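Enquirer: model this:
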Amino acid sequence: MTKPALTLYLAAPRGFCAGVDRAIKIVEMALAKWGAPVFVRHEIVHNKFVVDGLRDKGAVFVEELSECPDDRPVIFSAHGVPKSVPQAAQAREMIYVDATCPLVSKVHIEAQRHSDNGLQMIMIGHEGHPETVGTMGQLPDGEVLLVETVDDVATVQVRNPDQLAFVTQTTLSVDDTKDIVAALHTRFPNIVGPHKEDICYATTNRQEAVKAMAPKCDAMLVVGAPNSSNSKRLVEVGARAGCTYAQLVQRATDIDWRALDGITSMGITAGASAPEVLINEVIDAFRDRYDVTVEMVETAVENVEFKVPRVLRVPA
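Expert: Got it, this is the predicted structure:
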């Protein structure tokens, strides 16, 4: 039987960013240097396939430092941790490696600098997300106030409206954040913002590729995890940019083929913590059912690379 024709638009950039690549490399290098087990506080990145693969190599994933023994190395996830976590590791004389993405660390440094200058911080982010918890945990309680929406800006209670600064979670929607920043400037005209956008280059690039791709597609799939903020934002961006069916899938087995019945064009992208092997798995699943023509939609070229910490580059 002849397969129906399908144009498959593949977003570029997609998938792993430099911060995720570095974090995974840190776990692998730690295992090579110190042997198994190596403990990792929180999922190193938000992707089950990646986490399961590292677990198979000897990584043990825990939620709190208290679950780690003193005599084994511990790695902090790419999302960052509150300042109290490395302090506790030092007090226990543990070997620890911080895999926080350098772009998240930049936000931590920003928050500390503003605080040192006497400013109270407002953070634009999602409550409970590890990155938000880590950034807010850089300063004492009450020094960082969280806003998630434009409506939150109207009700946030600040110490002094003329002594404020803001930072943002790096994985948010560029468009949503823009509206919240505008609302902050309207209510607090003297609020200090970052010199350069906090939302990371990879988040921005993946969203721009989706905006370019979405109007061409009958449907769009984002390969990523349900707890991945940047992956969920890609689904929202695709829907807003004109693709009526935009869904998140962890891998090919999650595809709802009945919902895709009759499509002639399909868009595929992936969140920053989804490996290329899962993207290829999804493409292969479409090749099994359709006569596929692949077209690349490229809006940026990424060549960013972050060094791993020095402790991993020197012999044990």
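
Enquirer: where exactly do the helices run in the chain?
Expert: Listed in chain order, the helices of the chain (DSSP state H) span 18-34, 48-57, 84-91, 102-116, 130-136, 150-155, 174-187, 201-213, 229-240, 276-289.

Enquirer: Out of those, flag the one nearest Thr253.
Expert: Nearest to Thr253, of all these, is helix 276-289, at 8.4 Å by Cβ to Cβ. For glycine as for every other residue, the C-beta is placed from the backbone atoms N, C-alpha and C.

Enquirer: residues making contact with that closest one?
Expert: 3-4, 6, 8, 10, 14-16, 49, 221, 223, 249-252, 255, 257, 266, 268, 270, 292, 294 (Cβ atoms under 8 Å, 6 or more residues apart in numbering).

Enquirer: Pull out the buried residues from those.
Expert: The neighbour count (16 or more other Cβ atoms under 10 Å) marks 6, 8, 10, 14-16, 49, 221, 223, 249-252, 255, 266, 268, 270, 292 as buried among the contacts of helix 276-289.

Enquirer: Inside strands: which ones of those residues?
Expert: Counted as lying in strands by DSSP state E, out of the buried ones among the contacts of helix 276-289, are Leu6, Leu8, Leu10, Leu221, Val223, Val249, Met266, Ile268, Ala270, Val292.

Enquirer: so the fourth one bridges to which residues?
Expert: Leu221 has these beta-bridge partners by DSSP bridges: Gln247, Ile268.

Enquirer: quick one: it and Asp162, what's the gap?
Expert: As judged by Cβ to Cβ, to the nearest Å, Leu221 and Asp162 stand 47 Å apart.

Enquirer: so for stretch 198-212, what's the average pLDDT?
Expert: Mean per-residue pLDDT for stretch 198-212: 93.

Enquirer: Using PDB, write down the CA coordinates of that stretch.
Expert: C-alpha atoms of stretch 198-212 as PDB (Å, rounded to 0.1, in the frame of the first residue of the first chain):
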ATOM      1  CA  ASP A 198      18.300  36.500  31.400                       C
ATOM      2  CA  ILE A 199      16.400  34.100  29.100                       C
ATOM      3  CA  CYS A 200      19.200  31.900  27.700                       C
ATOM      4  CA  TYR A 201      20.300  32.000  24.100                       C
ATOM      5  CA  ALA A 202      19.200  28.300  23.600                       C
ATOM      6  CA  THR A 203      15.600  29.000  24.900                       C
ATOM      7  CA  THR A 204      15.300  32.000  22.600                       C
ATOM      8  CA  ASN A 205      16.700  30.200  19.600                       C
ATOM      9  CA  ARG A 206      14.500  27.200  20.000                       C
ATOM     10  CA  GLN A 207      11.400  29.400  20.300                       C
ATOM     11  CA  GLU A 208      12.400  31.500  17.200                       C
ATOM     12  CA  ALA A 209      12.800  28.300  15.200                       C
ATOM     13  CA  VAL A 210       9.300  27.100  16.300                       C
ATOM     14  CA  LYS A 211       7.800  30.500  15.400                       C
ATOM     15  CA  ALA A 212       9.200  30.200  11.900                       C
END
